[in-house]
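Participant: Return atomic coordinates for the entry below.
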Amino acid sequence: MKQAKSSNGKGKAMLKSMFKWGDVLLLLIVIVAVVLTIVLATGNKAQYAEVYIDGELKYQLNLNEDTTLDILDGKMTIKVHDGKIFVEHSDCAEQLCVHSSPIGKDGGMIVCLPNKVVIKTSSKKVDAIT
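Facilitator: Down below sits the predicted model:
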């Protein structure tokens, strides 16, 4: 009875003829670069919300702490809850800022043109020096 020859040796020889060491090294570098890009791109989550009034940074709120903030002498109320920030109340006519979706750690921006208020998220705390 004849034994069947193993085709395993043939497959290895074929792979060796198709790929050189440089090809394998290049493939590994590309895979590592893709994985690092994905990890770094998804790891930069916002931690703070910045409130600008008339183009000037007035407040910086931590998205991890639930809080309510009245600005413009009570004309507008901003609320941070469960890692998201939204406008709870505003005296502006169209109420677009009140009806806009809450923004959070994934980024975004809320704008109230009549009150000249912009709320946006950022990933690092800014101090007076920077």
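Participant: When you work out contacts or count neighbours from here on, use the C-alpha atoms and nothing else.
Facilitator: Will do.
Participant: need the contact list for residue 108.
Facilitator: 120, 121 (Cα atoms under 8 Å, 6 or more residues apart in numbering).
Participant: and it, how far is that from residue 25?
Facilitator: 40 Å (Cα to Cα, to the nearest Å).
Participant: for residue 119, same thing?
Facilitator: On the measure of Cα to Cα, residue 119 and residue 25 end up 46 Å apart.
Participant: Residue 81 now?
Facilitator: When residue 81 is compared with residue 25 (using Cα to Cα), they lie 48 Å apart.
Participant: same question, residue 86
Facilitator: 49 Å.
Participant: do the same with residue 121
Facilitator: Following Cα to Cα, the distance that separates residue 121 from residue 25 is 40 Å.
Participant: Looking only at neighbour counts, state which of these two leads.
Facilitator: Using other Cα atoms under 10 Å, the more surrounded residue of residue 121 and residue 25 is residue 121, with 26 against 11.
Participant: So that one belongs to a strand, correct?
Facilitator: Yes: under DSSP: H, G, I helix; E, B strand; the rest coil, residue 121 sits within a strand.
Participant: Bridge partners for it, pull those for me.
Facilitator: Residues in a beta bridge with residue 121, per DSSP bridges, are residue 49.
Participant: any idea how far residue 64 is from it?
Facilitator: For residue 121 relative to residue 64 (Cα to Cα), the value is 12 Å.
Participant: shared neighbours, those two?
Facilitator: residue 47.
Participant: Now do the nearest residue to residue 59 once chain neighbours are set aside: how many residues are near it, please.
Facilitator: Using Cα to Cα, 6 or more residues apart in numbering and skipping the chain neighbours, the partner closest in space to residue 59 is residue 51 (5.0 Å). Neighbours of residue 51 under the rule other Cα under 10 Å: 22.
Participant: give the contact list for residue 88.
Facilitator: With Cα under 8 Å, 6+ apart, residue 88 has these contacts: 76, 77, 78, 79, 98.
Participant: wait, is it part of a strand?
Facilitator: Yes: assigned with three-state DSSP, residue 88 falls within a strand.
Participant: State the distance from it to residue 70.
Facilitator: Using Cα to Cα, we find residue 88 at a distance of 10 Å from residue 70.
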